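J.: Based on what follows, work out the 3D shape:
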Amino acid sequence: MRLCFLWVVVLLPLAASVPALADSARDADAFWFDRLESVEPLMRVGDERSRDTVLVDWVATRLLADTGSRPELPRWAQEDREPRIAFVSAAHGGDEVAVAMGRGRGVVAALEQALVELRAIPGFLDPPPRWVRVDLVHQVTEPRRVPMQAMLTIDRSFVGIAFEQESGLAFLPDELMARHLVAPGGAIELSRMTRYLGRRRPVPSQPVSISTLDERRLIFFSTHGFFADQHGSYPLFRGHRVWDRPDRETVLNQARMAGQYLRGMVDSGGRVPNLYLADEAERAPGAIVERQAAALLGVVMHQRLTRGAGDPQVARRMVEPIRARIRRMQHRDQILGAVEEDGWVHLGANARALSALAGFLQVTDRPEREILEDAQKLAGWMLAILGPDGRFLMMRQSATTRQVDREFVGVSEPSAAALAWLALYRVDGQERWRQAAERVLRYLVEVRDSRDGRPLPLDTIPRDEVQMRALLASHAIEPNNDFLRRAAYLGNAIMMERLRHSDVPDLAGALAQPPRGEPNARRALALIELEEALARGLPADRQERLATLRGAIHEAVAFSLGMQIGPELAMLLPEPERALGGVRDALDQFAMRMDHTAIHIELLLAYAAFLERQPD
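T.: Next comes the predicted model:
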């Protein structure tokens with residue numbers, strides 16, 4: 001089945017006159033973006049119209065087969081006679097996008113003209129579109145002459161660009177970002193624009209190239225949007241859905257989509273790319289061990305979610321690139337094994353590789369002894385470099401010499417080791433792993449992150465969400481109220497980072513500043529695990545004490561869901577089906593790391609369980 005995407009953008013300017021709708025075709029060529037110097041939007045974020053998806057539903061039924069009733073347009077749309085410009089874009093999942101522009105007196109007339117443009121593409125609408133997007137522009141700037149070598153000071157995720165009327169060219173905000181037409185630093189990429197115009201579906205009235213003048217007259221505009229598919233319709237912000245407490249099945253569907261993306265990135269040798277540049281359809285070569293390990297854990301969780309649906313050997317293949325990195329290491333008089341990368345063995349890389357192997361072993365029907373032995377080798381090397389006081393003696397060690405590096409760059413490596421030991425303990429039950437994890441955690445709680453027997457102040461204590469998870473995992477195995485209290489204290493520190501009252505709807509609730517997807521997902525996951533531990537110890541009549549924590553979890557997960565590529569964004573990318581479900585780390589770019597998608601899957605599965613625990 002081919003997936004088809006449809007995208008519509010409508011510009012809403014002021015005008016002094018109100019000509020008849022019948023004059024729309026004649027008037028269409030009489031105005032361009034430079035006539036729209038002030039814009040009075042038909043709706044504003046948060047008002048009743050902004051939640052009404054009738055326009056996108058109406059556009060969808062105009063392109064679908066005439067098999068059902070069309071929604072009746074509201075009076076404000078039917079009576080609108082202001083000059084409007086509308087972009088209607090459509091794409092099948094494996095095809096390039098087609099972008100049609102319509103201009104007319106009134107929003108309906110502009111959309112109609114754009115739809116005529118789309119229908120003029122031979123065979124393009126067979127099969128008919130299934131996914132529809134409508135964007136209404138909030139604001140248009142005055143035209144200004146801009147050197148093409150200039151660095152634009154615009155936010156690509158909010159602002160589109162229109163050229164001179166004779167050029168017939170305009171690019172929507174998501175086109176600029178999805179096709180890298182304006183670089184993150186603001187450089188205008190004319191060569192990319194030309195290449196993109198040549199690749200996207202040709203529309204009869206639009207150019208397929210752009211002239212390379214030294215200076216151009218540009219107009220900038222922003223949009224407000226909606227999306228609809230067979231499951232329903234909803235408003236958009238910054239080109240993507242803004243989530244608000246989705247139900248459990250919706251969350252699991254998003255996790256399945258992320259898992260499918262991750263599995264699709266695994267090559268025949270079980271390796272994943274370090275980075276997928278969705279806007280350029282390129283995979284960064286290589287496989288950093290930590291990212292390979294995280295991706296393996298993500299695929300394992302997806303396999304557990306789908307109960308083994310799909311190729312069961314994908315996860316097994318992903319184990320081998322990790323095992324191939326294990327080197328014999330001598331530490332004092334012991335011969336051990338550790339994961340090597342670039343001539344060094346790192347504590348953090350070994351910890352995350354161990355967590356991934358342990359996760360794989362937990363879901364395997366018949367665990368392979370060789371994989372368990374390799375996991376135990378990694379755990380043994382980490383144990384060998386652990387001091388008697390719970391402090392690691394080094395961060396990394398040369399794989400060929402006795403050179404060691406004792407400088408810890410990040411704060412989470414010791415915590416990651418403790419979490420990995422506890423994961424292996426759940427597989428083989430060896431008490432030495434649990435005891436090692438407890439020794440590390442006691443050092444972190446009582447020494448590194450304390451002064452004079454008290455925890456560091458909330459505003460200075462390291463935001464070590466991995467330590468939070470390890471403390472809670474240890475407490476779940478053997479109750480320890482000191483560990484639970486410190487986990488709650490770290491949770492309060494993380495909550496201090498929460499962006500609570502943002503004017504930008506899709507940033508609200510982010511747990512990291514600046515707002516980024518990966519740290520937010522890790523911290524939200526830790527808060528969910530904290531809530532579960534605290535709720536277990538509270539009677540039913542005192543559960544309301546967790547209301548603030550639960551509210552923060554809902555908002556943080558909503559922010560993370562906004563980072564996931566849905567069909568409304570995937571349609572504009574060079575490989576829509578490959579990018580669908582992936583997770584980016586920032587809202588103004590499309591670079592996707594495999595470990596970011598993996599932690600997103602883990603978060604969504606934990607959130608689904610969290611929703612199931614909540615009282616009705």
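
J.: Might one say that residue 538 is in contact with residue 545?
T.: Yes: under the criterion of Cβ atoms under 8 Å, residue 538 is in contact with residue 545, at a separation of 6.7 Å. Heads up, the C-betas are built off the backbone N, CA and C, glycines and all.

J.: which other residues reach the host helix or strand of residue 561?
T.: When secondary structure is defined by DSSP states H and E, residue 561 falls within helix 547-562. In this structure, residues lying in contact with helix 547-562 by Cβ atoms under 8 Å, 6 or more residues apart in numbering are 240-246, 251, 254, 491, 495, 498, 506-511, 515, 517, 520-521, 523-524, 527-528, 530-531, 534, 583, 587, 600, 603-604, 607, 610, 614.

J.: one more time with 6 Å, if that's ok
T.: Contact partners of helix 547-562, identified using Cβ atoms under 6 Å, 6 or more residues apart in numbering, comprise 240, 243, 245, 495, 498, 506, 509-511, 520-521, 524, 527-528, 531, 603, 607.

J.: So which of those are in strands?
T.: Cross-referencing those with the strands (criterion: DSSP state E) gives residue 240 as the overlap.

J.: Are any of the contacts of helix 547-562 buried, and if so which?
T.: Buried residues within those, counting neighbours by 16 or more other Cβ atoms under 10 Å: 240, 243, 495, 498, 506, 509-511, 520-521, 524, 527-528, 531, 603, 607.

J.: Now for the residues you listed: which two are most distant?
T.: 240 and 531 (26.8 Å; Cβ to Cβ).

J.: what's the neighbour count on residue 367?
T.: Residue neighbour count, defined by other Cβ atoms under 10 Å, stands at 15 for residue 367.

J.: List the residues that contact it.
T.: Applying Cβ under 6 Å, 6+ apart, the residues near residue 367 are residue 361.

J.: Going by secondary structure, it is in what exactly?
T.: Using DSSP H and E, residue 367 falls within no helix or strand.

J.: what's the spacing between it and residue 565?
T.: Distance from residue 367 to residue 565, counting by Cβ to Cβ, to the nearest Å: 34 Å.

J.: Distance across stretch 261-278, terminal residue to terminal residue?
T.: Counting by Cα to Cα, to the nearest Å, you get 12 Å between the two ends of stretch 261-278.

J.: Can you give me the buried ones in that stretch?
T.: Within stretch 261-278, the residues that qualify as buried are 261-266, 270-278, counting by 16+ other Cβ under 10 Å.

J.: now, which of the residues you listed lie within strands?
T.: Among those, the residues falling in strands (DSSP E) are 275, 276, 277.

J.: In stretch 89-98, which residues are buried?
T.: Residues of stretch 89-98 classed as buried by neighbour count (16+ other Cβ under 10 Å): 89, 90, 91, 92, 93, 95, 96, 97, 98.

J.: With stretch 338-353 instead?
T.: Of all the residues in stretch 338-353, those buried under the rule 16+ other Cβ under 10 Å are 338-341, 344-353.

J.: Adding secondary structure and distance to residue 389, write those residues out as TSV.
T.: Written out in TSV, the entries for the buried residues of stretch 338-353 read as follows (DSSP: H, G, I helix; E, B strand; the rest coil; distance: Cβ to Cβ, whole Å):
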residue	secondary structure	distance to residue 389
338	strand	22
339	strand	25
340	strand	27
341	strand	28
344	strand	25
345	strand	22
346	strand	22
347	helix	16
348	helix	20
349	helix	24
350	helix	20
351	helix	19
352	helix	24
353	helix	25
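
J.: Run a quick check on residue 594 versus residue 272, I expect a contact.
T.: Yes: taking Cβ atoms under 6 Å as the contact criterion, residue 594 and residue 272 are neighbours in contact, 4.6 Å apart.

J.: list residues touching both of those two?
T.: By Cβ under 6 Å, 6+ apart, residue 594 and residue 272 have these common neighbours: residue 295.

J.: Just the ones of the buried residues of stretch 89-98 in strands?
T.: The subset of these located in strands under the criterion DSSP E comprises 89, 90, 91, 92, 98.

J.: Can you tell me how far the fourth one is from residue 202?
T.: According to Cβ to Cβ, residue 92 and residue 202 sit 15 Å apart.

J.: can you pull out the strands in the stretch 301-450 of the chain?
T.: Secondary structure of the stretch 301-450 of the chain by DSSP state E, counting those that start in this stretch: the strands cover 326-331, 334-341, 344-346, 396-398, 404-405, 450-451.

J.: Which of those has the highest mean neighbour count?
T.: Per-residue neighbour counts averaged over each of those give the maximum for strand 344-346, namely a mean of 22 (mean count of other Cβ atoms under 10 Å).

J.: Mind pulling up the pLDDT for the residue lying farthest from the centre of the chain?
T.: Residue distances from the centre of the chain (Cα atoms, centre = their mean) peak at residue 333, which lies 46.4 Å from the mean C-alpha position. According to the model's per-residue confidence, residue 333 sits at a pLDDT of 75.

J.: Distance check, it against residue 384.
T.: Residue 333 sits at a distance of 10 Å from residue 384 (criterion: Cβ to Cβ).

J.: Equivalent analysis for residue 419, please.
T.: Distance of residue 419 to residue 384, given as Cβ to Cβ: 18 Å.

J.: For the two, indicate the residue with more neighbours.
T.: The residue with more neighbours, out of residue 419 and residue 384, is residue 419; 27 against 15, by other Cβ under 10 Å.

J.: ok, and the closest non-adjacent residue to that one?
T.: residue 470 (4.3 Å; Cβ to Cβ, 6 or more residues apart in numbering).

J.: now swap in residue 348 and tell me
T.: According to Cβ to Cβ, 6+ apart, the nearest residue to residue 348 is residue 413 (4.3 Å).

J.: I figured the one you found hits residue 347, correct?
T.: Yes: at 4.9 Å, residue 413 and residue 347 qualify as touching, with contact defined as Cβ under 6 Å.

J.: gap between residue 269 and residue 167?
T.: Taking Cβ to Cβ, one finds residue 269 at 47 Å from residue 167.

J.: what's the answer for residue 174, then?
T.: Distance from residue 174 to residue 167, by Cβ to Cβ: 20 Å.

J.: ok, these two, which is more surrounded?
T.: Using other Cβ under 10 Å as the criterion, residue 174 and residue 167 rank with residue 174 on top: 28 against 16.

J.: Can I take it that that one is in a helix?
T.: Yes: according to DSSP: H, G, I helix; E, B strand; the rest coil, the state of residue 174 is that of a helix.

J.: Perfect, I'm done here.
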